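Colleague: Have a look at this fold, sequence not included:
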């Protein structure tokens with residue numbers, strides 16, 4: 001068997017030099033792409049979109065702002081109910097053409113028309129009272145407006161619940177038809 005050839009010192013040096021890893025210049029880097037900053041930006045944009053999209057798709061109820069001056073009644077106009085619901089801390093105070101509505105919505109008189117029940121606002125009682133007042137006279141059948149006013153410390157959810165209560169009546173037994181009470185809600189200023 002033949003003996004393997006021995007490499008010279010120069011050959012060994014050249015092999016060592018060529019087998020060593022080379023450092024690449026910055027323009028020749030073939031490393032990985034750093035996408036972490038890009039993902040940070042995408043995550044921030046996604047969070048912003050998710051936070052603002054819930055505001056975009058909210059339900060709205062058409063209302064009118066308070067009027068600056070009280071309008072004068074037209075003497076040729078049919079009598080109107082002029083219903084006003086005032087939300088106070090203890091319940092609902094209701095005013096109509098004849099003055100204050102007494103407790104229980106029975107007659108005209110002082111006091112809260114619909115007091116709180118077990119510490120909660122009685123929206124069903126308000127709905128029944130509004131339907132009763134609208135049915136008092138044929139002149140009030142076509143009335144569509146109610147003025148809503150609230151004390152400053154009343155939560156927004158109570159104002160919305162009150163608007164819902166005075167807009168439509170409960171359906172009659174055996175009927176799916178919902179009667180409108182006062183669908184046009186105007187806001188009044190608490191005085």
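Modeller: Yep, it's here. Worth saying up front: this structure is predicted, and the values here are computed from it rather than measured.
Colleague: By residue count, which helix of this structure is the longest?
Modeller: The longest helix of the chain (DSSP state H) is helix 36-56.
Colleague: which parts of stretch 85-104 are buried?
Modeller: Neighbour-count burial for stretch 85-104, counted by 16 or more other Cβ atoms under 10 Å, picks out 85-88, 91-97, 100-101. No exception for glycine: its C-beta is placed from N, CA and C like everyone else's.
Colleague: From the chain's centre, how far out is that stretch? Work that out for me.
Modeller: Here stretch 85-104 is found 27 Å from its chain centre; the criterion is Cα atoms, centre = their mean, to the nearest Å.
Colleague: Stretch 150-161 too?
Modeller: With Cα atoms, centre = their mean as the basis, stretch 150-161 stands 13 Å off its chain's centre.
Colleague: Same question for stretch 16-24.
Modeller: Centre-to-centre, stretch 16-24 and its host chain are 67 Å apart (Cα atoms, centre = their mean).
Colleague: hey, where'd the strands end up in the chain?
Modeller: 63-64, 84-88, 91-96, 99-100, 114-115, 145-150, 184-187 (DSSP state E).
Colleague: List the contacts of stretch 139-156.
Modeller: Outside stretch 139-156, the residues that touch it by Cβ atoms under 8 Å, 6 or more residues apart in numbering are 78-89, 130, 133-135, 158-159, 162-163, 166, 180-190.
Colleague: Buried residues of it, list them for me.
Modeller: Buried, per 16+ other Cβ under 10 Å, within stretch 139-156: 140, 143, 146, 147, 148, 149, 150, 154.
Colleague: of all those residues, which two lie farthest apart?
Modeller: In the buried residues of stretch 139-156, two members sit farther apart than any others by Cβ to Cβ. They are 140 and 154, at 26.7 Å.
Colleague: Let's see the distance spanning stretch 132-140 from one end to the other.
Modeller: End-to-end distance for stretch 132-140, by Cα to Cα, to the nearest Å: 11 Å.
Colleague: Same check on stretch 84-93?
Modeller: End-to-end distance for stretch 84-93: 8 Å, by Cα to Cα.
Colleague: Mind checking which of the contacts of stretch 139-156 are in helices?
Modeller: 130, 133, 134, 158, 159, 162, 163, 166.
Colleague: contacting residues for residue 33?
Modeller: For residue 33, the contact set (Cβ under 8 Å, 6+ apart) is empty.
Colleague: circling back to that earlier point, mind putting the buried residues of stretch 139-156 in JSON lines, pLDDT and distance to residue 126 included?
Modeller: Output for the buried residues of stretch 139-156, formatted as JSON lines (pLDDT from 0 to 100; distance: Cβ to Cβ, whole Å):
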{"residue": "140", "pLDDT": "78", "distance to residue 126": "17"}
{"residue": "143", "pLDDT": "83", "distance to residue 126": "16"}
{"residue": "146", "pLDDT": "87", "distance to residue 126": "11"}
{"residue": "147", "pLDDT": "87", "distance to residue 126": "14"}
{"residue": "148", "pLDDT": "89", "distance to residue 126": "11"}
{"residue": "149", "pLDDT": "87", "distance to residue 126": "14"}
{"residue": "150", "pLDDT": "87", "distance to residue 126": "13"}
{"residue": "154", "pLDDT": "88", "distance to residue 126": "14"}
